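Novice: Got a sequence here, can you model it:
(3 chains, ligands or ions: 2)
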Amino acid sequence: MDSVTIPVLVDQLVSGLAIGGVYGLVALGFALIFGVLRVAQFAHGEVYMLVAFLVLTALPALPLGGFSQFGLVLVLALFLGAAIGLAVERVVFRPLMAAPHIAAIISAIGLSIALQYLAAFLWGAELHPFVLNWAPGNLTLGPATIPAFKVVIFVTALALLAGLQLVLRRTQLGRAIRATASDPETARLMGINTIRIIAAAFAVGSAFAGAAGVLVAALYGVVYSSMGIAALVKGYTATVIGGVGNLVGAVISGLLLGVFEVLLESYVSPKWSDAIIFALLIGVLVLRPQGLLGRAIPERL
Amino acid sequence: MREPVLAITELTVQYGGIRAVDGASFQVAEGELVAIIGANGAGKSSTLRAIAGLAPVAGGDILLDGVSIRGVPAHELPRRGLALIPEGRRVFADLSVLDNLYLGGYSRPREEIAGDLRQVYELFPILRERSHQAAGTLSGGEQQMLAIARALMSRPRILLLDEPSLGLAPVIVQQVFSLLRHLRERGVTILLVEQNARLALEAAERGYIMHTGRIVLSGPARELAKNPEVRERYFGTARGSKSNPERAPELTAGDSA
Amino acid sequence: MNIVRSRLLALVLAAAFILVGCDIGGLAGAGGDQIKIAVVGPMSGDAATYGQDFVRGAQMAAEKINAAGGVDGKEIVIEQFDDRNDTTETANIAQRIGSDSSILASMGHFTSSTVYAAMPIYKANGLPLVVISASDPKITQQGNEWVFRVSPTNDLGAQATADLLVQQLGLTRIATFYLNTDFGKSEHQYFVERVQQNGGTIVLDEPYQPDTKDFTSGIIKLKNAGAEAVYLSSYYNDAALLIKQAVASGVQTRWFASAAIISNQFPEVGGEAVEGVITARVAQGENWEAVAAEYRQKYGAEPTPFVIYAYAATQAIAEAARQGGATRDGIRQGLEAIENLDTAIGPLSFDQNRQAIYTEFEFLIVQDGQFKPWTP
Ligand SMILES: Nc1ncnc2c1ncn2[C@@H]1O[C@H](COP(=O)(O)OP(=O)(O)OP(=O)(O)O)[C@@H](O)[C@H]1O
Ligand SMILES: [Mg+2]
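Specialist: Ligands and ions are numbered 1, 2, ... in the order given. Now for the predicted structure:
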C-alpha cells in the first residue's frame, strides 16, 4: 500500500514519541501512587481530565501569548493536579487505608465515574476546543517537516520525568518515597511519616497527570469529560508493560507504546491498533506479570 | 543505680484474642547492654515492636528518659533517640547502600548527615566500598551490618536489636557480637533480643528470660549464664536439644538478682 | 461491620442501577382516542442531543396537529425511548416497542448501524418505522415493507460534492477519510465511485474508528499524499478534530465533508482551522424555514436537520393514519399512498423503496464560524 519514506517515518516517530511522552507521564504518576499505596488509583485519568478542564476555564484569564503562556499553563496544570491529587488522597484513599484494598479500588472506580459526570454537568458532555495562544509552527528535521509542538511535548515530558528522577534519587523526600514503596513499616522506623509520603506521592503523581492532561488537550485541540478513560488505559498498559512499580520502565514503555501505536495505525490498521495493544497488555499480565522491562531494569522506584 | 533510659512497666501486647506480651516489666540503664532471651513465640519481637510504636499496646507503660512514649507514632521515635533494628534486618533491598544510610539519618538535621556518614563508614569500611550497590545484593552478614549502621545514622540514645544473629554463619555472628560490644564500649545503650542465649549473655551486662509473654527470670548476665535451668533450656548444649519452651514455667522464680 | 456495610452498599447500588436502567414506561394502555408514536434514539450518552432533537421535532408537530383537532379526533401522543445508540440495546428496545400494542408507529434510531439492528424486529412485529436520520441508501433497498425514510440518503450529497470537486473545481487528486461505520463506509463508497466515474483519483483512502481523537497517523499519510482536496465522511466532532490537527501539522489543502458535519459544534470545536470547509445538503424550502423559526423561538437555538425530519415524519404518520386508518398496518398502507404531502421538508413523496424523494441540493461554507450558503 503506502510507501514508507524517511520523512514519513521521522514524522511517525516524532508523533509517537510525543504521545508516548504523555503516556509516560500518566504511567509514571500512576506507578508512583501505586508504589507507595499498593492500590491502583483508577481515578487517575479523571485528575488529568479535570485539570485540562480547569486550565481551559482559566485560559481566557491568562492573557499572555506565545511560549510564556505555554509555560504558565504547564505550571498551572502541575499545581492544579497536585491539589486535586491531595484532595483525592485525603477524601477517598486515606479513610480506607486500613480497609481491604478492594474497598479503595472500588471507591476509586466510583470516583472516576462521579468525576466524569461532574465534568459533564459543569462543562457539558460535548467536545470543548482547547487552543493555546502559541503556535510554534513546523520544524525541519533532515528531509522531514514535523510540527514543532510535538517536539515541545516530548521534551517537556522528558524534562518532567528527569526532574522526578532527580528528586527520587537525590533528595531525602525522594528516598523516603522509595523507602515507603519498598517497605512502609521499616520506613516508619526511619522516622518517615508514611501518611505524608503517600500524600506527597499523590501530589507529585497527580501533578504529572495534570501536565499530561494539558499537553494532550493542546495536542489534540480538545477537552472532553471522558478523556481520562483512554489516558488511564494507556497509562496502565505502560505501567504493566514496564513492570509495576518500575518507574523508569513505565516511562520507557510509555514512549514505546506511543511509537508502537502510531506504527500500528499506519501500517496495520487503526481498527486493530487498540485491540492489539490490549492483547499485548493481557499477554504481559498473564505471561510476564513482572513486566517486559522488569528484569532489564531491576531497580524499582 | 544509673537512671534508666528505657523503663517498661506491665507491658501488654494484644493481637485480637492473642496476648503476645503479658505484663512484662524491665529496664535498661544508660550505657548498658541488656539481653532478653526467649524461645520462638515468647513475645520478644512483640515487645520491641511495641516499644518502637509498631505493635498495639494494650496495657502498661513505656518510658523513654522518664517520658511516656506509649501511643507516640513510630515515625516520631527516631527523633526522640530510639532506633529499632527489626528482625530479618529489613534493609531497603532495591535501594543502594548509601540511600539506606541516608534514610537512617532521615530524622537528623540535613547538615549533620554527611558527618555522621563519615563516622559510620569508619566503623563499617565495607559499606563504603559497597555504597552504590543495591542493598539486596549484599550478603546476609553485610545486610546486618548495614541495618546496624543505618540505625546508628539516627544517633540513637538506645538501640533495640531483634535477633541480629538470625540466619548468619557462626563466624559472622561472632563479628556482629564483637561489634555490639564495641558499640557498648563507646557508650551506646543497647537492648538486645536473642535466641542465641549463650552469646547474648556473654555480651550483655544484665539479662531477662521471657516466656509466653512474661519475664520469668532476670539478673546479671553472668549469673543467668550459669543458671542450669537457663543452660538446659536456652543454650541447647547438655542434652543436645534446642530451646525447650514447654518446660520453662519451672523458672517462675522471679528476680534472682 | 465493614463487610456487612459494603455488602449493603453494593446491593443498594445494584438496585439503583437496575432502576435507572429500565425506565418505568409502557404502563399506559392502548387508548382508543390516541395515536401513540414511539420516538427512539440516543437519549443518554454522547449523542443524546440527537435524541433530544428527535423528540422536540416530533413533539412540535404533534402539538400542531392536536391543536387542529388531531387525526379524526384522535390525539397524537409521543413516547420517547432510549436505544443509547448501541446496537444491542437497540434490539432490546425495538422488541419492547414492537410488543407494546398501544404504539402504532415508530420513528428514529440515529445511525445506520442501529437502524439495521432494529429493522427486522419492526418487520416481525408488523410495526411501521420511519427513519429520520440514518443515511445509508441500502436501508431502503432491503425490501422491508415496514421501513420508510423521510431523511435523505448520503449518496446524494456525496455525489453532488464529487461532481463539484472534479467537474466544476477541477480538483482531481482527492484524499478521503471516513468513519468506519455503516454510515461512513457507505457515504465514502458513493463518493469514491463518483470521483472515479468523473475521472478523478483517490490518493488516500483512510478509515478511522468511532471516537477517534488522535488522527496523527492519517494526517502523516495525508501530508505525503499530494492531495488537492480532502473529503471527509464524518460527523462534526471527528471532522473538526481531524481538520484542526491537520492544519496544526502544516497541512494546506481544501476541505470538503458530508452533510453530517452541519452543526454549531463544528465551527465551535474546529475554530479557525475549519474556515472554508464546504459541504452539500438538500435544499431547504419555506416550510423548513417556518419550522426552524418556530424552533428558534421555542428553544432559542438553531435546529439541526433532525428536528425537521422528525417533524415531517410525524406529519406523514398522522396523514397515513387519516388515510389508512389508526392501526399499524393502516399507517403502513397510508404511508405508501402518500403523494406530494405538504410537510416540513416540502412536498413529500416516497419512491417504490419507501424512500423520500429529494432532487435539489445546496452548498454551504464555514465562514466566520458559521455555515453560509455558497455557490461554486
Ligand atoms: N501481627 C500479629 N498478629 C497476630 N499474632 C501475632 C502477630 N505478631 C505476633 N503474633 C503472635 O504473638 C506471639 C509472640 O510473637 P513474637 O513474634 O513476639 O515472638 P518472638 O519471641 O519474637 O518469637 P521468635 O523468636 O520466633 O521471633 C506469637 O504467638 C505470634 O504468633
Ligand atoms: Mg521475633
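Novice: For the rest of this, base every contact and every neighbour count on C-alpha atoms.
Specialist: OK.
Novice: OK, contacts around residue A:289?
Specialist: A:240, A:243 (CA atoms under 8 Å, 6 or more residues apart in numbering or on different chains).
Novice: how about 10 Å then?
Specialist: Counting by CA atoms under 10 Å, 6 or more residues apart in numbering or on different chains, residue A:289 touches A:240, A:241, A:242, A:243, A:244, A:281, A:282, A:283.
Novice: And for residue B:45?
Specialist: Residue B:45 is in contact with B:20, B:21, B:51, B:55, B:86, B:87, B:161, B:162, B:163, B:193, B:194, counting by CA under 10 Å, 6+ apart.
Novice: my guess is it is in a strand, correct?
Specialist: No - assigned with DSSP: H, G, I helix; E, B strand; the rest coil, residue B:45 falls outside any strand and is helix.
Novice: Whether stretch A:54-62 contacts chain C - can you check?
Specialist: No - in this structure, stretch A:54-62 remains apart from chain C according to CA under 10 Å from any CA of the partner chain; the gap is never smaller than 13.1 Å.
Novice: and that stretch, which residues are buried?
Specialist: For stretch A:54-62, burial by neighbour count (16 or more other CA atoms under 10 Å in any protein chain shown) applies to A:54, A:55, A:56, A:59.
Novice: Nearest to chain C among these?
Specialist: residue A:56 (13.1 Å; CA to the nearest CA).
Novice: Residue A:134: what secondary structure?
Specialist: coil.
Novice: count of neighbours near it?
Specialist: 15 (other CA atoms under 10 Å in any protein chain shown).
Novice: Could I get the contacting residues of it?
Specialist: Listed by CA under 10 Å, 6+ apart, the contact set of residue A:134 reads A:64, A:65, A:66, A:67, A:68, A:69, A:70, A:149, A:218.
Novice: switch to 8 Å and redo it
Specialist: When contacts are counted by CA under 8 Å, 6+ apart, residue A:134 touches A:65, A:66, A:67, A:69, A:70.
Novice: So the first one sits against residue A:131, correct?
Specialist: Same thing as residue A:65. No - using CA atoms under 8 Å as the test, residue A:65 is too far from residue A:131 to be in contact (11.4 Å).
Novice: Between those two, tell me which one has more neighbours.
Specialist: Relative neighbour count places residue A:131 above the other of residue A:65 and residue A:131, with 19 against 12, counting by other CA under 10 Å.
Novice: Am I right that the more buried one is in a strand?
Specialist: No - membership of residue A:131 in a strand is not supported by three-state DSSP, which gives coil.
Novice: gap between it and residue C:271?
Specialist: The gap separating residue A:131 from residue C:271 is 9 Å, by CA to CA, to the nearest Å.
Novice: try residue C:132
Specialist: For residue C:132, the distance to residue C:271 - CA to CA - is 29 Å.
Novice: Between those two, which is the more surrounded one?
Specialist: A direct count of neighbours by other CA under 10 Å for residue C:132 and residue C:271 places residue C:132 higher, at 26 against 20.
Novice: so where do the strands sit in chain C?
Specialist: Secondary structure of chain C (DSSP state E): strands located at C:34-41, C:75-82, C:103-108, C:129-131, C:147-149, C:173-179, C:201-208, C:229-233, C:254-257, C:278-282, C:341-343, C:346-348, C:361-367, C:370-374.
Novice: Identify the residue spatially nearest to residue C:267, adjacent ones excluded.
Specialist: Using CA to CA, 6 or more residues apart in numbering or on different chains and skipping residues adjacent in sequence, the residue nearest residue C:267 is residue C:369, 5.1 Å away.
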